[in-house]
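Student: Here is a sequence together with a model predicted from it:
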Amino acid sequence: MTIQQIIIFRTLCSEMNYSKAAEKLFMTRQAVRQNVSAMESELGGQLFENDKNHISLTSKGKLLLQESAPVLKSFETMMEHMYSEINFSFPIKLGISVSLLPDFLPFLKHKIQLFCKDSFPNVDISMKEMNNDDVVSGVRSGNLSAGIIMDLGEKMAGLSRYPIIDCRLAAMVEKSHRLWKRSELYLKDLDKETVQVPGLSNAFQPLFRTIEKEKLDIKLEVSPHFYQVYYKVRDTGILGLNRYFPPENDTPDSNRDIPIADAPPLCAAIIVNENNLTTPGFRAFVTPFANALKNYYKNEPFIRQPLP
């Protein structure tokens, strides 16, 4: 059981409603349910009883609510003491790829604000939404302290990479497209096609190398924002890269995601210029920051290949 799960449990206890708890936690309702189910499996019994859409605590749930209060308080006090003295003489400038907003990492900016408020109250952090490639170049040049990008899981020279999530890569396909009825694709199936990608920086080198190695004629176009890709796929019939979103978790539409079997994973990660890690206290910020985001998103329903 993790501290994050205890927080989820106690929030649900205070709201006694999955939807309200999910909204307060900036999580999906399904993610809250999955965490509670995982806790019940670990503890060997139900924590909540469900009766006609109303929930109440079981005796085991009441015991956990009582016993977890001092544990959470002790943890919060410990973290406050550990990080209270960290105070940079400069603000942390964080670039966030627009490719991740709003759906790839739901409520990302809210989660970052909560993390900083709870764990690093003395750290001044500013966030700027940018194109994926601009985040990479900003971190490289030192204009950004760190960035959160979409990539294909590969470390880039001079940058330290902290993974957040890892999903199957898929092609977003429109209903009239020749590939619509396929259940799985290979990169060779995209030959002669135009494909929308979030960027053309080193973050996508694994894809570029495979295309070159296979001598595929794939035209890559940059559409930084998910909705730009969505509308281009819908209106023009070209393809777009996306995380694989299984049909049972999606809403009916004229587009669908078809997994690409031989493609690298589509990921989200924090990147930091390795030179910044020599700044006193900066590594102490980045590591728990990355761990917090990784923990926030590990049970989201769209993540089919969670990181260890």
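Tutor: All right, it came through fine.

Student: the helices in the stretch 101-250 of the chain, which residues?
Tutor: Under the criterion DSSP state H, counting those that start in this stretch, the stretch 101-250 of the chain carries helices at the ranges 108-119, 132-141, 205-213, 226-236.

Student: Can you lay out those as a markdown table showing mean pLDDT?
Tutor: Supplementary listing: the helices of the stretch 101-250 of the chain in a markdown table, determined by pLDDT from 0 to 100:
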| stretch | mean pLDDT |
| --- | --- |
| helix 108-119 | 88 |
| helix 132-141 | 97 |
| helix 205-213 | 92 |
| helix 226-236 | 89 |
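
Student: so which of those comes closest to residue 264?
Tutor: Of all these, it is helix 205-213 that lies closest to residue 264, at 4.3 Å by CB to CB. Bear in mind the C-beta positions are built from the backbone N, C-alpha and C, glycine included.

Student: Pop the domain breakdown of the protein in here.
Tutor: Per the record's domain assignment (automatic domain parsing), the chain is made up of the domains 3-83, 91-308.

Student: tell me what the longest helix along the chain is packed against?
Tutor: For the chain, the helix reaching the highest residue count under DSSP state H is reported as helix 59-83. For helix 59-83, the elements it packs on are helix 3-15, helix 108-119, judged by 3 or more CB pairs under 8 Å, 6 or more residues apart in numbering; DSSP states H and E.

Student: what does that helix rub up against?
Tutor: Contact partners of helix 59-83, identified using CB atoms under 8 Å, 6 or more residues apart in numbering, comprise 3, 6-7, 9-10, 13, 43, 45-48, 57, 118-120, 122, 284, 288.

Student: Quick check: next helix or strand after that helix?
Tutor: strand 92-97 (DSSP states H and E).

Student: quick one: that following strand to helix 132-141, angle?
Tutor: Here strand 92-97 runs at an angle of 150 degrees relative to helix 132-141 (axes from the mean of the first three to the mean of the last three CA atoms, to 10 degrees).

Student: Any regions of the stretch 151-300 of the chain where pLDDT drops low?
Tutor: Screening the stretch 151-300 of the chain residue by residue with the criterion pLDDT under 70, one finds the ranges 247-252, 280, 299-300.

Student: if I pick the closest residue to residue 158 other than its chain neighbours, what's in contact with it?
Tutor: The shortest distance from residue 158 to any residue that is not its chain neighbour, by CB to CB, 6 or more residues apart in numbering, is 5.8 Å, and that residue is residue 274. Taking CB under 8 Å, 6+ apart, we find residue 274 in contact with 158-160.

Student: Now a PyMOL select for only the buried ones of those residues.
Tutor: The command below creates a PyMOL selection of those among the contacts of residue 274 that count as buried (16 or more other CB atoms under 10 Å):
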select buried, resi 159+160
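
Student: what's the closest of the contacts of residue 274 to residue 37?
Tutor: For the contacts of residue 274, the closest approach to residue 37 (CB to CB) belongs to residue 160, at 34.6 Å.

Student: just checking, the closest one touches residue 271?
Tutor: Yes. Judged on CB atoms under 8 Å, residue 160 makes contact with residue 271 at a distance of 7.1 Å.

Student: about what we covered before: any idea which of the domains of the chain is most buried?
Tutor: Mean neighbour count (mean count of other CB atoms under 10 Å) peaks for domain 91-308 among those, with a mean of 18.

Student: circling back: JSON lines for the contacts of residue 274, including distance to residue 210?
Tutor: JSON lines is the format used below for the contacts of residue 274 (distance: CB to CB, whole Å):
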{"residue": "158", "distance to residue 210": "23"}
{"residue": "159", "distance to residue 210": "21"}
{"residue": "160", "distance to residue 210": "25"}
